[in-house]
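S.K.: below are the sequence and a predicted model for it; my questions follow.
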Amino acid sequence: MAPGALIDESSHITLPQAKSTEAPRSIFPDGIRTSGQHPPLYNALKPYSEFPTEITGPTLWKKEDYEIKPERWTHPFTDEEIQELSDTADAFIASGTPLTGISKSKFPLPKLGKVLETLREDLLNGKGFILFKRFPADVWGPLKNAVAYMGLGTYIGYFVSQNGLGHVLGHVKDVGEDATQIDKVRIYRTTARQFFHADDSDIVGLLCVHRAREGGESDIVSIHNVWNDLQKNNPDVAELLTKPVWYFDRKGETSVGEEEWIRTSIFYLENGGQGRVYCKWDPYFVRSLTRFSDKGIIPALSEEQKRATTILEETCQKLALHMVLEVGDIQFVSNTHLLHARTAYTDHNPPTPRRHLLRLWLSTPETEGGWALPFHDSKEKKRGGIQVNNNAPRCPLDAE
């Protein structure tokens, strides 16, 4: 029994250099282009027989460890930290630098930065989540909120685009789209429930600006605890989830010449390194492909796969830690070894503002302490994300 997965360093497969398009600063102000969605390196995927029977170590946790001990996973900003953040945000705004050009070097936080770097290590290699409190979202305006929030994010990872529009500052907000049209609609733009899933980034950040009237609450789960439960109670499901027989919809957010789906696994092992178990899952992107499977272009979900998705969701629900984000809370969650979910919600009637969370997708490349993933862009600064052609990064201050 050992942490994660435990394969030998000698089993590491050398990754080819990612052939990212040149990122002209006229389009990408920081000179770095989001890598985007890619299929895995199929020859780097490990068979089920190499996965651990049981995972131990700092990435494994149970809800009982934290549900009555919020001091173990919350960090209220001190008055001094808020002042430092405020002063740096004001200076950045005064500089005239576009939000898309924000970086750690342009957002100095001499004291708070040290706190963030320590918490980054825990996000990557520990429990994988943190909840900051007392961010003055209801005091500062939309621009300063965005600048300060993104400035914090630079100490954790690199911003990647979250959709085909190039949004590196996202908005989780109902914009009136039909949640039943799952082949066209991203669920974060609706009031619908979000089942347990991971985003196309290493870490996701959510800043609560306005709460819903009812619902919209958060659940997170250690995927290593989920894996142990599956291995104990449903090993056949665990095995099926390690096979690259799952198709993920790209919902039209593709560059010229790319396929509309990606064939991949749900559970992976790291490509060398510590060999930890890694998970990438979103049921909405698996169930939305009937427009292709009905035509025989790709296989439809088998009965075994449908059963596996149900058991995975039920296991996550059973083991999840529940939390409620208040205005001014910032939640950072790992997408490598956690899944997260959201309950359905009902908004306030006008003129009370609708539920609104600012979202960041952050990349933590293998070369800077991130997990060694079986993808060709594992060492790219902005690995993952969603990049369509050369669409420029954008930071809208509200949903659009």
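M.R.: Happy to help now that I have it.

S.K.: A helix includes Val147, no?
M.R.: Yes - judged by DSSP: H, G, I helix; E, B strand; the rest coil, Val147 forms part of a helix.

S.K.: would you check how far apart it and Asn43 are?
M.R.: 43 Å (CB to CB, to the nearest Å). To be clear about C-beta, it is placed using only N, CA and C from the backbone, and glycine gets the same treatment.

S.K.: for Val160, same thing?
M.R.: 25 Å.

S.K.: tell me which of the two has more neighbours.
M.R.: Val160 (28 against 7; other CB atoms under 10 Å).

S.K.: for Asp90, give its distance to Val327.
M.R.: According to CB to CB, Asp90 and Val327 sit 21 Å apart.

S.K.: I should have written Tyr42 there, sorry.
M.R.: Distance of Tyr42 to Val327, computed by CB to CB: 45 Å.

S.K.: ok, these two, which is more surrounded?
M.R.: Val327 (14 against 11).

S.K.: look up phi and psi at that one.
M.R.: phi -60, psi 130 (degrees, to the nearest 10).

S.K.: repeat that for Pro142.
M.R.: phi -60, psi -40.

S.K.: nearest residue to it in space, please, no chain neighbours.
M.R.: In space, Pro142 comes closest to Leu397 once its chain neighbours are excluded; the distance is 4.4 Å by CB to CB, 6 or more residues apart in numbering.

S.K.: that neighbour: what secondary structure?
M.R.: coil.

S.K.: list the contacts of it.
M.R.: Counting by CB atoms under 8 Å, 6 or more residues apart in numbering, Leu397 makes contact with 142-143, 146, 169.

S.K.: want to throw those into CSV with pLDDT, neighbour count and distance to Ser363?
M.R.: Listed next are the contacts of Leu397 as CSV, based on pLDDT from 0 to 100; neighbours: other CB atoms under 10 Å; distance: CB to CB, whole Å:
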residue, pLDDT, neighbour count, distance to Ser363
Pro142, 98, 14, 25
Leu143, 98, 13, 24
Ala146, 99, 23, 19
Leu169, 98, 25, 15
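
S.K.: which among those gets closest to Asp282?
M.R.: Comparing these against Asp282 with CB to CB places Leu169 closest, at 21.0 Å.

S.K.: which ones are touching the closest one?
M.R.: Neighbouring residues of Leu169 by CB under 8 Å, 6+ apart: 99, 146, 150, 159, 358-360, 394-397.

S.K.: recalculate using a threshold of 10 Å.
M.R.: Leu169 sits next to 99-100, 102, 146-147, 149-150, 153, 159, 162, 207, 358-361, 393-398 when contact means CB atoms under 10 Å, 6 or more residues apart in numbering.

S.K.: quick check on those residues: which are buried?
M.R.: Listed as buried from the contacts of Leu169 are 99-100, 102, 146-147, 149-150, 153, 159, 162, 207, 358-361, 393-396; burial here means 16 or more other CB atoms under 10 Å.

S.K.: for the stretch 51-200 of the chain, which residues score under the pLDDT cut-off?
M.R.: Along the stretch 51-200 of the chain, segments meeting pLDDT under 70 span 182-184.

S.K.: just the helices in it please.
M.R.: 79-95, 112-125, 142-153 (DSSP state H, counting those that start in this stretch).

S.K.: single out the most deeply packed of the ones you listed.
M.R.: helix 142-153 (a mean of 22; mean count of other CB atoms under 10 Å).

S.K.: from the chain's centre, how far out does it sit?
M.R.: How far helix 142-153 lies from its chain's middle: 18 Å, per CA atoms, centre = their mean, to the nearest Å.

S.K.: now do that helix against helix 112-125, angle only.
M.R.: Here helix 142-153 runs at an angle of 60 degrees relative to helix 112-125 (axes from the mean of the first three to the mean of the last three CA atoms, to 10 degrees).

S.K.: wait, isn't Ile32 in contact with Gly157?
M.R.: No - in this structure Ile32 lies outside contact range of Gly157 using CB atoms under 10 Å: 11.8 Å.

S.K.: higher neighbour count, those two?
M.R.: Gly157 (28 against 19).

S.K.: look up phi and psi at the more buried one.
M.R.: phi -170, psi -170.

S.K.: partner residues bridging the spatially closest residue to it that is not a sequence neighbour?
M.R.: Nearest residue to Gly157 in three dimensions, chain neighbours excluded: Leu362, at 3.1 Å (CB to CB, 6+ apart). Note on Leu362: beta-bridge partners by DSSP bridges are Phe159, Ile203.

S.K.: now do Val172
M.R.: With DSSP bridges as the rule, Val172 is bridged to Leu357.
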